[in-house]
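*Asks:* task: produce atomic coordinates for the following.
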Amino acid sequence: MRHAAFLLVLLLTAAAHAADPGELVELRKIAPSILVELPYATAANFTKQAVYKTEKCFLRRFAAERLAEVQKDLEAMGLGLKVWDGYRPLSVQKQFWALVPDERYVASPVKGSRHNRGAAVDLTLVDRQGKELEMPTKFDDFTPAASSDAPCSPRAAENRALLLRVMTKHSFRNLPTEWWHYDAIGWEKYEVLDIPFEAIGK
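*Replies:* Sure, this is the predicted structure:
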């Protein structure tokens, strides 16, 4: 009986300390080989100003762990991921909406974005040297050319299709109007957040 009770205590302790799939985590701590380059932490974005105070990318743990599996698949091909955006505070979403009130490209802050839930990621493919592969458009191209089925060069179409294939394999769904945007399936269970980056983990 003592042995059974001891095992029960161990199991309960392990369960209590199990990683929470919904916690916000820094992507680099889950998948250190993924390149992170956040345009919104610089003035080189459509707002013309830095709206993030850090270049750290945060995601819900379940999404970050899936992305780590995507990276493993790509590394076996001599490729990798570069991430442009992950979790986005609701206050920043409001800034974006004020500039681009078009739900094809920016979710209304009234409903909240998948980014505001920490369950969406904007990303592209890179080679072994970290050079971006050819894609149909640049990031945040708010035109029909950025859609996932828009005409483009054969090389760009091939790269876009590869990104779609490997992301879909690991339970991400593409946003049809933006080839770079992927939602982690299961995002619906998580709430919209407005936590500043510097407060995460404290």
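*Asks:* ranges for the helices of the protein?
*Replies:* 2-16, 27-30, 61-75, 90-99, 154-169 (DSSP state H).
*Asks:* out of the ones you listed, which is the most enclosed?
*Replies:* Stretch with highest mean neighbour count among these: helix 61-75 (a mean of 20; mean count of other CB atoms under 10 Å). Where C-beta positions appear, they are placed from N, C-alpha and C, glycine not excepted.
*Asks:* got the CA positions of stretch 191-202 in CSV?
*Replies:* Listed next in CSV are the C-alpha coordinates belonging to stretch 191-202 (Å, rounded to 0.1, in the frame of the first residue of the first chain):
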residue,chain,number,x,y,z
GLU,A,191,-8.4,33.9,-25.1
VAL,A,192,-7.3,37.2,-26.5
LEU,A,193,-4.4,38.7,-24.6
ASP,A,194,-2.9,42.2,-24.1
ILE,A,195,0.2,41.3,-22.1
PRO,A,196,3.2,43.4,-22.9
PHE,A,197,6.2,41.4,-24.0
GLU,A,198,8.3,42.6,-21.1
ALA,A,199,5.7,41.2,-18.6
ILE,A,200,5.6,37.6,-20.1
GLY,A,201,7.0,35.1,-17.7
LYS,A,202,6.9,37.4,-14.7
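*Asks:* pull out the buried positions in it.
*Replies:* Buried residues in stretch 191-202, defined by neighbour count with 16 or more other CB atoms under 10 Å: 192-193, 195, 197, 200.
*Asks:* what's the answer for stretch 50-57, then?
*Replies:* Buried, per 16+ other CB under 10 Å, within stretch 50-57: 50-52, 56-57.
*Asks:* pull the residues that contact stretch 95-104.
*Replies:* Here stretch 95-104 makes contact (CB atoms under 8 Å, 6 or more residues apart in numbering) with 46-47, 51, 106-109, 142, 177.
*Asks:* and with 7 Å instead?
*Replies:* 46-47, 51, 106, 108-109, 142, 177 (CB atoms under 7 Å, 6 or more residues apart in numbering).
*Asks:* quick one: contacts for the residue sitting nearest the centre point of the chain?
*Replies:* With distances taken as CA atoms, centre = their mean, the chain has Val121 as the residue nearest its mean C-alpha position (1.9 Å). With contact taken as CB under 7 Å, 6+ apart, Val121 is in contact with 59, 63, 67, 83, 85-86, 182.
*Asks:* run the last query once more with 8 Å
*Replies:* 59, 63, 67, 83, 85-86, 172, 181-182, 184.
*Asks:* can you list the weak-confidence ranges in the protein?
*Replies:* 1-18, 202 (pLDDT under 70).
*Asks:* apply 80 and report the result again.
*Replies:* The model of the chain has pLDDT under 80 over residues 1-18, 201-202.
*Asks:* now the strands for it?
*Replies:* For the chain, strands defined by DSSP state E occupy the ranges 24-26, 35-36, 58-60, 79-85, 120-127, 172-175, 178-184.
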